[in-house]
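[1] Based on what follows, work out the 3D shape:
(chains A, B, C and D)
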There are 2 protein chains.
Amino acid sequence: MNARHAASFPDDTRARILDAARELFVNQGVEATTMRAIAGRLGVSAPAIYHHFADKKALIQALVVTDLHRLAAAFARAQRVRDPIERLRELGLAYVQFGLENPQLYRLLFMTPDLKAGAEEEIKEAMDATPEQDAYGIVRTCVEAAIGAGRFGPRHRDPEQVAQALWGLVHGIVSLQVVFSCQAWIEWRDTMDTAAMMIDAALNGMQQDGSEPAP
Amino acid sequence: MNARHAASFPDDTRARILDAARELFVNQGVEATTMRAIAGRLGVSAPAIYHHFADKKALIQALVVTDLHRLAAAFARAQRVRDPIERLRELGLAYVQFGLENPQLYRLLFMTPDLKAGAEEEIKEAMDATPEQDAYGIVRTCVEAAIGAGRFGPRHRDPEQVAQALWGLVHGIVSLQVVFSCQAWIEWRDTMDTAAMMIDAALNGMQQDGSEPAP
DNA sequence: CGCCTTCGCTTAACAGCGTTAAGTTGATCT
DNA sequence: AGATCAACTTAACGCTGTTAAGCGAAGGCG
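    Presented below is the predicted three-dimensional model:
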């Protein structure tokens, strides 16, 4: 028999490391979480992790690739909306809600530079392998549908650019909140309200021509 | 005489520490810059810094308070535009340009959480002391002018909310670029173009009513 | 069966980090 | 002159991510 010995599950150690790391990262942040803490939670020593991941960066990257799918999953309900403009609106709101509900995970996925520096290939592969879980691809496809239906003005014919602009819009509103919410010198309004207002304004504005509105 | 001895300038050491720290932070990032490296650049030992700043966080915060004014300075040209809507557009473009030209400084100012956690009071004081250097205040004032002139639709009567939404819009576009520009699986468009397109769309959208555009 | 490789893990250790403690120097104040 | 204090030094601490070396059990193979 070439089955593994039944001391425990196949190679669940790698998966258990990822789970422990995710929990600690989400609860106390990435850089506040030490390799020793992750290992300690599993009852193993810190260097044991290095048998499964090259270093801390690789561990984080593996988590990022995995959890990018969670965002796409949060898009499920929004994707059922028929009208492409309405669908874009719902996708944007779902994005903001995802970020507000998982601020530390959001930080990990979208606000940590240098992190994805060496993982381009893996991310691309993960996206191509399961396109229904590629959040950016979902948005771009939706933009393409809106453009194809003639819903956008002449300045908004490039799906890539429009998708990037809309992503930037919602990402900015979420990440401002993540970074500055503790700053009381700004009278913060409810983030979901602000996001809804701005998404509607942007979508409305893109449905007009480039012509000036009445002053 | 109660004048200082003339061995060197009054207490320029503190200023020299800030300058060295800024240069290293901007060139290699905050966490890649060590206290020993900052001190070494001045020819002093690392603990010497602790006579001028409580810890690394305080050093960074002092730098943030100082350099927030640089952004306001970048707003100077845009503020000369008469029309409030046009002025908002130029402010947004200036913001994006500032971020793209100083990506590491931008990261330091606007993308580093926990950093400003204990510095609320100082930032607020710095803003109140020199309101013409309060970048957020400039934008909010401009939004108030646009609202006062009746340029915005009924859903956009709250200057604070509109200012936050517009800030989020430009911040998102800049920070996506800072974090994801190295990711080649996205066909990035020119950031300034994307920003201009989206700023115009949002401003246009806010100038309409909340009514639906023609499908 | 006995050897021997390989895997998964251990303990020990290293270099580097931010930071603190204790001592030294030199200018200033009384 | 003697005390004081700021500004700095060197030495060291505890922590980090990471590497080196070794150890025991599992499994293939003659």
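[2] Can I get the longest helix along chain A in PDB, CA atoms only?
    For chain A, the helix that runs over the most residues, judged by DSSP state H, is helix A:159-180. Provided in PDB are the C-alpha atoms of helix A:159-180 (Å, rounded to 0.1, in the frame of the first residue of the first chain):
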ATOM      1  CA  PRO A 159     -12.900  48.100 -20.300                       C
ATOM      2  CA  GLU A 160      -9.500  47.800 -18.700                       C
ATOM      3  CA  GLN A 161      -9.300  51.500 -17.800                       C
ATOM      4  CA  VAL A 162     -12.900  51.600 -16.600                       C
ATOM      5  CA  ALA A 163     -12.400  48.500 -14.400                       C
ATOM      6  CA  GLN A 164      -9.200  49.900 -13.000                       C
ATOM      7  CA  ALA A 165     -10.900  53.300 -12.200                       C
ATOM      8  CA  LEU A 166     -13.900  51.600 -10.500                       C
ATOM      9  CA  TRP A 167     -11.600  49.300  -8.500                       C
ATOM     10  CA  GLY A 168      -9.600  52.400  -7.500                       C
ATOM     11  CA  LEU A 169     -12.800  54.100  -6.400                       C
ATOM     12  CA  VAL A 170     -13.900  51.400  -4.000                       C
ATOM     13  CA  HIS A 171     -10.400  50.400  -2.900                       C
ATOM     14  CA  GLY A 172      -9.700  54.000  -2.000                       C
ATOM     15  CA  ILE A 173     -12.800  54.400   0.100                       C
ATOM     16  CA  VAL A 174     -12.100  51.100   2.000                       C
ATOM     17  CA  SER A 175      -8.400  51.700   2.500                       C
ATOM     18  CA  LEU A 176      -8.900  55.200   3.700                       C
ATOM     19  CA  GLN A 177     -11.100  53.700   6.400                       C
ATOM     20  CA  VAL A 178      -8.600  51.000   7.300                       C
ATOM     21  CA  VAL A 179      -5.800  53.500   7.700                       C
ATOM     22  CA  PHE A 180      -7.500  56.700   9.000                       C
END
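[3] What average pLDDT does that helix get?
    Here helix A:159-180 scores 97 as its mean pLDDT.
[4] Show the secondary-structure elements that that helix is packed against.
    Counting contacts by 3 or more CB pairs under 8 Å, 6 or more residues apart in numbering or on different chains; DSSP states H and E, helix A:159-180 is packed against helix A:84-101, helix A:103-110, helix A:135-148, helix A:191-207, helix B:159-180, helix B:191-207. Backbone N, C-alpha and C define where each C-beta goes, glycine included.
[5] rerun that using 10 Å as the cut-off
    Packing partners of helix A:159-180 (3 or more CB pairs under 10 Å, 6 or more residues apart in numbering or on different chains; DSSP states H and E): helix A:84-101, helix A:103-110, helix A:135-148, helix A:191-207, helix B:103-110, helix B:159-180, helix B:191-207.
[6] can you list the weak-confidence ranges in chain A?
    Under the criterion pLDDT under 70, the flagged ranges of chain A are A:1-11, A:209-215.
[7] which residues does the residue of it found nearest chain B contact?
    Relative to chain B, the nearest point of chain A is residue A:172 (2.2 Å; CB to the nearest CB). When contacts are counted by CB atoms under 10 Å, 6 or more residues apart in numbering or on different chains, residue A:172 touches A:195, A:198, B:110, B:164-176.
[8] count of neighbours near the closest residue to residue A:137 other than its chain neighbours?
    In this structure, residue A:137 finds its nearest non-sequential neighbour in residue A:131, 5.6 Å apart by CB to CB, 6 or more residues apart in numbering or on different chains. Per other CB atoms under 10 Å in any protein chain shown, the neighbour tally for residue A:131 reads 11.
[9] Residue A:131 contacts residue A:125, correct?
    No. Applying CB atoms under 10 Å, one finds residue A:131 not in contact with residue A:125, separated by 11.7 Å.
[10] intersection of neighbour lists for these two?
    By CB under 10 Å, 6+ apart, residue A:131 and residue A:125 have no common neighbours.
[11] circling back: how near is the nearest residue to the residue of chain A closest to chain B once chain neighbours are set aside to DNA strand C?
    Distance criterion CB to CB, 6+ apart; nearest residue to residue A:172, sequence neighbours excluded, is residue B:172 at 2.2 Å. Going from residue B:172 to DNA strand C by CB to the nearest atom of the strand, to the nearest Å gives 30 Å.
[12] For residue A:29, list the residues it contacts.
    So residue A:29 contacts A:103-104, A:107-108, B:113-114 (CB under 10 Å, 6+ apart).
[13] and if you look at residue A:141?
    Going by CB under 10 Å, 6+ apart, the list of residues near residue A:141 reads A:79, A:84, A:87, A:131, A:134, A:159, A:163.
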